[in-house]
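[1] next input, structure requested:
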Amino acid sequence: MKRIVARIILVGVSVAACALMLNSCWVRIHAIERFECSFDAKISQEIQKQISANLSAHTGAKSDEIVSSLLEQFPCIAHVDLHIQPNKDALITLIAQAPLVRVNDDHVLTQSARLIPLHDFDPSAIFNLAHINVAQGAVCSAHELAELQRCIKQVSPALLNRYEVHWRTSHEVVLSKAHDSLVQFVCCAHQLTDQKLIEQYVKEVAYLLAERTSVDLKKLWVADVRFENQLILRASAMKKLGKIVMNEIKGGIQDGTCVS
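    Numbers count the residues shown, from 1 in each chain. As a prediction, this is how the structure comes out:
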């Protein structure tokens, strides 16, 4: 009985040793000795240098380990294509995330709902991007970020270029004209996709302000358009959005003005 047990143990040790030797041989055969990279032009020069340094530290590593490391450490990379040549050189093609819109002048929201630091992209790749402002803590989860991305993808570029967009939540988005800070519009995210409706509200507010000589045009006015066929206009002194309150300016515009 003892001899049988001893033989089983010996066989097990032999198999394990063979497996280690085969794995060692596989690693030596497939070990990468040099990297040749092809960078997407959207990736900044600084990030390209960091990627090259990262690859130099992974000489001899497995290809799947290299790909995982790059995707984890450099979020601007969308895809890594790696081919090992017979001479153990690795040809790597790095594809960048596709920028969608600039966020708060320090990040870029991508087409795949990723929030990437601005400096990860080459300036030429983001120069013509529209810009939005996102309130701190407004996109703390992947779901909220995806919601923002879905909305912005459906918004007309003309609207993003004409208005400053301040995203607080999907139920509270503030629009203001770049060259006219006297009126702000509060809407829901889904309303941004209907540019004609936004322009209708803009014309209605301009008409209401113009026909009342008692209105102080030096004050900030907030037009809440989140209610169906209703426009709530108030002076900036009123702080609670969405509340139906009376305008404190004597002779001013009443809240709840319907849009025809």
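[2] how about the helices in the stretch 151-260 of the chain?
    157-162, 195-210 (DSSP state H, counting those that start in this stretch).
[3] report all helices and strands that the longest one contacts.
    In terms of contacts (3 or more CB pairs under 8 Å, 6 or more residues apart in numbering; DSSP states H and E), helix 195-210 is packed against helix 157-162, strand 180-187, strand 221-227, strand 230-235. Placement of C-beta: from N, CA and C, glycine included.
[4] same list (these) but as JSON lines, adding mean neighbour count, distance to residue 82 and mean pLDDT.
    Listed next are the helices and strands packed on helix 195-210 as JSON lines, based on neighbours: other CB atoms under 10 Å; distance: least, CB to CB, whole Å; pLDDT from 0 to 100:
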{"stretch": "helix 157-162", "mean neighbour count": "14", "distance to residue 82": "36", "mean pLDDT": "89"}
{"stretch": "strand 180-187", "mean neighbour count": "17", "distance to residue 82": "46", "mean pLDDT": "83"}
{"stretch": "strand 221-227", "mean neighbour count": "20", "distance to residue 82": "49", "mean pLDDT": "88"}
{"stretch": "strand 230-235", "mean neighbour count": "20", "distance to residue 82": "57", "mean pLDDT": "82"}
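[5] can I get the ones you listed in TSV with distance to residue 173?
    As requested, those are exported to TSV (distance: least, CB to CB, whole Å):
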stretch	distance to residue 173
helix 157-162	11
strand 180-187	5
strand 221-227	9
strand 230-235	15
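[6] returning to what we had before: any idea which of the helices of the stretch 151-260 of the chain has the lowest pLDDT on average?
    Ranked by mean pLDDT, those bottom out at helix 195-210, which scores a mean of 85.
[7] next, the angle from that one to strand 230-235.
    When axes from the mean of the first three to the mean of the last three CA atoms, to 10 degrees is applied, the directions of helix 195-210 and strand 230-235 differ by 50 degrees.
[8] in helix 195-210, what's buried?
    By neighbour count on 16 or more other CB atoms under 10 Å, the buried set for helix 195-210 is 198, 201-202, 204-205, 208-209.
[9] roughly how far out does it sit from the chain middle?
    Mean-position distance between helix 195-210 and its chain equals 30 Å (CA atoms, centre = their mean, to the nearest Å).
[10] what's the angle between that helix and strand 180-187?
    Angular relation of helix 195-210 and strand 180-187 on a 0 to 180 degree scale: 130 degrees, by the same axes, to 10 degrees.
[11] low-confidence ranges in the chain?
    Within the chain, the segments meeting pLDDT under 70 span 1-32, 179-181, 212-218, 236-260.
[12] hang on, residue 101 packs against residue 108?
    Yes. Taking CB atoms under 8 Å as the contact criterion, residue 101 and residue 108 are neighbours in contact, 7.4 Å apart.
[13] between the two, which contacts overlap?
    Listed contacts common to residue 101 and residue 108 are residue 129; contacts here mean CB atoms under 8 Å, 6 or more residues apart in numbering.
[14] which segments of this structure make up each domain?
    32-96, 171-260 (automatic domain parsing).
[15] follow-up on the earlier one: farthest-apart pair in the buried residues of helix 195-210, please.
    198 and 209 (16.8 Å; CB to CB).
[16] center of this protein - which residue?
    Using CA atoms, centre = their mean, the residue of the chain that lies closest to the mean C-alpha position is residue 109, 2.3 Å off.
[17] strands of the stretch 51-200 of the chain, residue ranges please.
    77-84, 89-96, 99-103, 107-110, 115-117, 131-134, 163-169, 172-177, 180-187 (DSSP state E, counting those that start in this stretch).
[18] that older thread, can I get the buried residues of helix 195-210 in TSV with distance to residue 78?
    Written out in TSV, the entries for these read as follows (distance: CB to CB, whole Å):
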residue	distance to residue 78
198	32
201	38
202	38
204	43
205	42
208	47
209	47
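[19] so which of the residues you listed is the closest to residue 128?
    In terms of CB to CB, no member of the buried residues of helix 195-210 lies closer to residue 128 than residue 198, at 22.3 Å.
[20] show me what contacts that closest one?
    The contact partners of residue 198, taken as CB under 8 Å, 6+ apart, are 159, 163, 175, 185, 187, 191-192, 225.
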